[in-house]
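Colleague: Sequence and computational prediction follow.
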Amino acid sequence: MTQNKTNIQSYITIQNNEIVLNGTSVFKIEPTDFADFSKQAYRNFEMQYPKFFKMDALSKLAFLGSELLLSPITSTEEENNIALVLANKSSSLDTDVKYQESISDKENYFPSPAVFVYTLPNICLGEISIRHQLKSENSFFIFDTFNTEFMSNYSNILLNTNKADMVLCGWVEFFKDDYKAFLCTISKEENTKFTNETINTLYNK
């Protein structure tokens with residue numbers, strides 16, 4: 001198989017109450033918890049998607065990043081051939097703990113279907129896919145740390161086998177209000193802006 005060169009088109013980092021898009025800070029507030037930060041970010045960018053408020057924290061984190069990267073380049077009127085390849089360390093543990101608390105007390109046994117539905121990490125992929133009309137490949141991996149070489153190679157295979165026109169690739173970690181998202185779009189389209197950058201160098205900036 002001939003390996004065509006792929007290029008990073010854009011990237012976003014969300015951590016410490018700040019959103020950095022392509023190296024520029026586009027949103028930053030005073031220290032607060034993620035629930036408040038995500039709500040303020042949603043309103044700041046005037047995102048019109050009420051279902052956002054029903055999502056768990058991991059899905060909100062992934063949604064915020066993907067929204068700012070994909071909204072300018074996707075159409076809600078037609079299918080977009082963009083694959084999703086995400087990973088984290090804690091899986092859906094933050095939500096799992098909350099769900100466990102709702103069923104552990106036999107005297108106050110109240111399992112929540114609204115919480116249970118988010119007890120898989122790949123649910124955030126579904127939320128992004130619904131929002132942006134994506135029906136292409138999607139995968140969620142669990143690693144101790146962000147395995148940038150694996151993620152880059154996996155994304156390149158999808159592009160070079162024409163399984164996708166673009167890949168949204170990255171790390172979305174959330175546990176006990178400690179969070180970091182790094183997402184980037186990769187395609188075969190020429191882009192000299194990040195010629196000397198890799199997923200690893202951008203993630204560690």
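Modeller: Looks like it came in fine. Residues are numbered from 1 along each chain as shown.

Colleague: Run through the strands of the protein in chain order.
Modeller: Per DSSP state E, the chain carries strands over the ranges 7-15, 18-21, 24-28, 82-88, 138-142, 166-175, 178-187.

Colleague: The last one pairs with which strands?
Modeller: Using DSSP bridges, the strands paired with strand 178-187 are strand 7-15 (antiparallel), strand 166-175 (antiparallel).

Colleague: Next: the fourth one.
Modeller: In the sheet, strand 82-88 lines up against strand 138-142 (parallel), strand 166-175 (parallel) (DSSP bridges).

Colleague: Tell me where this structure has helices.
Modeller: Assigned by DSSP state H, the helices in the chain fall at 34-44, 57-70, 93-104, 113-116, 123-132, 148-160, 199-203.

Colleague: Deepest-packed of those, please.
Modeller: Comparing the helices of the chain by mean neighbour count (mean count of other Cβ atoms under 10 Å), helix 57-70 ranks first with a mean of 24. Where C-beta positions appear, they are placed from N, C-alpha and C, glycine not excepted.

Colleague: what packs against that helix?
Modeller: strand 7-15, strand 18-21, helix 34-44, strand 82-88, helix 93-104, helix 123-132, strand 166-175, strand 178-187 (3 or more Cβ pairs under 8 Å, 6 or more residues apart in numbering; DSSP states H and E).

Colleague: Report pLDDT for residue 97.
Modeller: In the predicted model, residue 97 carries a pLDDT score of 54.

Colleague: Over to residue 193?
Modeller: 89.

Colleague: neighbours around it, how many?
Modeller: 12 (other Cβ atoms under 10 Å).

Colleague: Just list the residues touching it, thanks.
Modeller: Residues near residue 193 by Cβ atoms under 8 Å, 6 or more residues apart in numbering: residue 22.

Colleague: Try it again at 10 Å.
Modeller: Going by Cβ atoms under 10 Å, 6 or more residues apart in numbering, residue 193 touches 7, 8, 9, 10, 22, 23.
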